[in-house]
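Student: Whatever this is, show me its structure:
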Amino acid sequence: MLAGTQNFHGSTVVDFWIGLTTLAKPPTWSWTDGSAQNFTEWASTEPSNITAEACAAISTTHGSWSAQDCFKLKPYVCAVPKVPSPPAFAKCPIGWIYFQPTHSCFGLSYVQQTAPIAYNWTMAEELCIKFGGHLPSFHSVDEFNVINSFVMVLFQPFWTGLRSDDGGASWKWSDNTLTDYLPWRTDYPKHMSESCVWQEVDDVSNLDCTTSLYFICKKSAQ
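Tutor: This next block holds a predicted model:
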């Protein structure tokens, strides 16, 4: 895709923004859409170690990347995923996101419609249950990235519905679905007294359940 964005014939544009940044998880470079960073094209001596240069731009002449000050004014392009249209019978609350493969809705609970509120894991799960759902489970990288979209908007981690009741010997979703996709952070889970799981930009890790975090809920679409 990046190769296609470099064609600026007759333009005076020398570079433009791409969605790579360290703002979400410094000092690690990650894509703002949550996709895996399995390809790089940094120019020699890049990325720089200057703290202020936390966003990446791509050259229109040779296609290499450079780290630059995020407040610079530059052209940009957008990548829009091809999302299948939901079937006519799919219905989610206003403002929620529909995910077709699991026929599920993701969004803020009714107590958070004006602004997100941080709760401990138990309170967050109880509020989701009152709204007809649970803290979110995910079963593929695509479903994981639905929650990632909320994480990226607020640059804050969110609770997931994953929890251990046996000191980390096993992990289960609060909605009782299969634990078939768990993108743990490197060296996690650890500190097995921390039995609830939160999601950051591109991985999950365990945390004390009494910590207050933002959350979204997942429920079946109608």
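
Student: from here on, contacts and neighbour counts on C-alpha atoms
Tutor: Will do.

Student: Can you identify the element that follows the host helix or strand of N148 toward the C-terminus?
Tutor: N148 is part of helix 141-154 when elements are defined by DSSP states H and E. On the C-terminal side of helix 141-154, the nearest following helix or strand under DSSP H and E is strand 158-163.

Student: Give the other helices and strands that the helix or strand following that following strand contacts.
Tutor: Beyond strand 158-163 on the C-terminal side, the first helix or strand identified by DSSP H and E is strand 172-173. If contacts are counted by 3 or more Cα pairs under 8 Å, 6 or more residues apart in numbering; DSSP states H and E, strand 172-173 sits against strand 158-163.

Student: Identify all contacting residues around the strand it packs on.
Tutor: Contact with strand 158-163 is made by 121, 125, 134-137, 151, 171-175, 195-200, 213-216, as judged by Cα atoms under 8 Å, 6 or more residues apart in numbering.

Student: The same query, at a cut-off of 7 Å, please.
Tutor: Strand 158-163 is contacted from outside by 121, 134-137, 151, 171-174, 195-200, 213-215, using Cα atoms under 7 Å, 6 or more residues apart in numbering.

Student: Point out the ones among those that are inside helices.
Tutor: Residues of the contacts of strand 158-163 located in helices (DSSP state H): 121, 151.

Student: so where's the chain uncertain?
Tutor: For the chain, the stretches with pLDDT under 70 are 1-11, 81-90, 109-115.

Student: one more time with 80, if that's ok
Tutor: In the predicted model, the chain carries pLDDT under 80 at residues 1-12, 24-25, 34, 49-51, 80-90, 109-116, 152-155.

Student: Can you show me the helices along it?
Tutor: So, for the chain - with DSSP H - the helices run 2-5, 121-130, 141-154.

Student: Those helices: which one's closest to T21?
Tutor: With Cα to Cα as the measure, helix 141-154 is the member of the helices of the chain nearest T21 (11.4 Å).

Student: Convert the closest one to CSV, retaining C-alpha atoms only.
Tutor: The C-alpha trace of helix 141-154 is given here as CSV (Å, rounded to 0.1, in the frame of the first residue of the first chain):
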residue,chain,number,x,y,z
VAL,A,141,-6.8,-9.8,15.4
ASP,A,142,-9.6,-8.1,13.6
GLU,A,143,-11.9,-8.2,16.7
PHE,A,144,-8.9,-7.1,18.9
ASN,A,145,-8.5,-4.1,16.6
VAL,A,146,-12.1,-3.0,17.2
ILE,A,147,-11.2,-2.4,20.9
ASN,A,148,-7.9,-0.9,19.7
SER,A,149,-9.9,1.8,18.0
PHE,A,150,-11.2,3.0,21.3
VAL,A,151,-7.7,2.7,22.9
MET,A,152,-6.2,4.8,20.1
VAL,A,153,-8.9,7.6,20.3
LEU,A,154,-8.2,8.2,24.0
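
Student: contacting residues around the spatially most central residue of the chain?
Tutor: Geometric centre of the chain, nearest residue: N148, 1.7 Å, by Cα atoms, centre = their mean. Residues near N148 by Cα under 7 Å, 6+ apart: 34, 201.
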